[in-house]
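Peer 1: Show me how the following folds:
(one chain, ligands or ions: 1)
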Amino acid sequence: MSALKVHIEEAGYSPQDIKIHGISFHVNPGELVGLIGPNGAGKSTTMKTILGVMRVVKGNIQIGDDGKGKYAYVPEQPVLYETMTMKEHLQLAAAAYNMTPEQYDEVERELTERFQMQDVLHQYPTSFSKGMQQKLMLILAFMLKPSLYIVDEPFVGLDPRATKRFLDMLSAEREQGAGVLMSTHVLDTAERICDRFILIHGGRMIANGTLDELREQSGLEKGTLMDIFEVLT
Ligand SMILES: Nc1ncnc2c1ncn2[C@@H]1O[C@H](COP(=O)(O)OP(=O)(O)OP(=O)(O)O)[C@@H](O)[C@H]1O
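Peer 2: Numbers count the residues shown, from 1 in each chain. Alright, predicted model coming up:
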């Protein structure tokens, strides 16, 4: 059983402009895997390769056991329509996901309450703060109930309460068997919550393992993720 299998030999924007090399890992059902690396390391490029939007790719990607798993992608920069209210965004997603009106009503109530967005349901999200926009993107992802979540840098815009709600909801989804691949450079949070880490540097995977495995590889018995990263790069 696997939520995601990634085997990227090479990917980039053109044959002359390969950005990432030799990145192979998997995400098991229920697992939270952190894609870790500094700015420009290749985290977003790796995610875009998994999503199938990079043009030049040698390798293969399998989502779910049969390659047909449902996934939700939460980008770092929210993508929202200017002329639609928050509720209209949710309704559009519900239509795309073939929800019944009853299912929709329940999901709307539950998710807007969780993220404390009930009061802005009829407003236009283009007027929301970055964090509120991100919360809406998360709600749209949670509506789908996918078997794989791909989340790009979730911690930068969210306040502490929203971060906690988000992590609690991810845990609940993981208990139901969803896998999560999450990129971040907020290393202390990543260290606390991820089961495993993929360390990326200069477009290459430099390590892949649990915190204990990475400590062993780096020879830092009690090292933090930050210490380990510094030693391995
Ligand atoms: N649209 C693009 N066209 C060409 N090169 C790009 C494009 N987007 C990113 N790059 C380049 O690809 C490399 C990897 O960038 P990427 O966005 O994957 O890094 P990242 O690890 O996600 O960084 P960050 O933490 O800053 O988001 C960088 O050298 C970057 O300049």
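Peer 1: List the backbone torsions phi and psi for the spatially most central residue of the chain.
Peer 2: Note on the chain: the residue nearest the mean C-alpha position is residue 151, at 1.4 Å, using Cα atoms, centre = their mean. Here is the backbone geometry of residue 151 (degrees, to the nearest 10): phi -120, psi 120.
Peer 1: In this structure it contacts residue 180, no?
Peer 2: Yes. In this structure, residue 151 is within contact of residue 180 by Cβ atoms under 8 Å, at 6.7 Å. (C-beta placed from N, C-alpha, C; glycine too.)
Peer 1: okay, now residue 121: neighbour count?
Peer 2: 14 (other Cβ atoms under 10 Å).
Peer 1: host element of the residue nearest to it when sequence neighbours are not counted?
Peer 2: Spatial nearest neighbour of residue 121, excluding adjacent residues (Cβ to Cβ, 6 or more residues apart in numbering): residue 87 at 4.8 Å. Under the criterion of DSSP states H and E, residue 87 resides in helix 86-96.
Peer 1: try residue 199
Peer 2: Assigned by DSSP H and E, residue 199 falls within strand 196-201.
Peer 1: and the protein, what are its domains?
Peer 2: 1-70+146-233, 77-145 (automatic domain parsing).
Peer 1: Serialize those domains to a markdown table and add fields for mean pLDDT.
Peer 2: Shown next, in a markdown table, are these (pLDDT from 0 to 100):
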| stretch | mean pLDDT |
| --- | --- |
| domain 1-70+146-233 | 93 |
| domain 77-145 | 93 |
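Peer 1: Now do the phi/psi pair for residue 24.
Peer 2: phi -130, psi 130.
Peer 1: typo on my end, residue 14
Peer 2: The phi/psi pair for residue 14 (degrees, to the nearest 10) is phi -160, psi 170.
Peer 1: Determine the number of other residues adjacent to it.
Peer 2: Residue 14: 9 neighbours (other Cβ under 10 Å).
Peer 1: surely it meets residue 57?
Peer 2: No. Using Cβ under 8 Å, residue 14 is not in contact with residue 57, being 11.8 Å away.
Peer 1: Among the domains of the chain, which comes closest to the ligand?
Peer 2: Proximity to the ligand (Cβ to the nearest ligand atom) singles out domain 1-70+146-233 among the domains of the chain, at 3.3 Å.
Peer 1: end to end, how far does the closest one reach?
Peer 2: 32 Å (Cα to Cα, to the nearest Å).
Peer 1: before we move on, what about stretch 138-149?
Peer 2: 10 Å.
Peer 1: So what touches it?
Peer 2: 3-4, 27, 29, 63-64, 69-74, 89-90, 93-94, 97, 99, 107, 111-112, 115, 117, 151, 154, 166, 169-170, 173, 177-182 (Cβ atoms under 8 Å, 6 or more residues apart in numbering).
Peer 1: centre of the chain versus stretch 187-204, how much separation?
Peer 2: 12 Å (Cα atoms, centre = their mean, to the nearest Å).
Peer 1: that older thread, what is the burial count for the residue nearest to residue 121?
Peer 2: The burial count for residue 87: 14, using other Cβ under 10 Å.
Peer 1: Kindly report the same for residue 219.
Peer 2: Residue 219 has 10 nearby residues by other Cβ under 10 Å.
Peer 1: Also residue 110?
Peer 2: Neighbour number of residue 110 under other Cβ under 10 Å is 13.
Peer 1: likewise residue 209?
Peer 2: Counted with other Cβ under 10 Å, residue 209 comes out at 16.
Peer 1: And for it, nearest residue in space, chain neighbours not counted?
Peer 2: Per Cβ to Cβ, 6+ apart, closest to residue 209 is residue 196, 6.3 Å.
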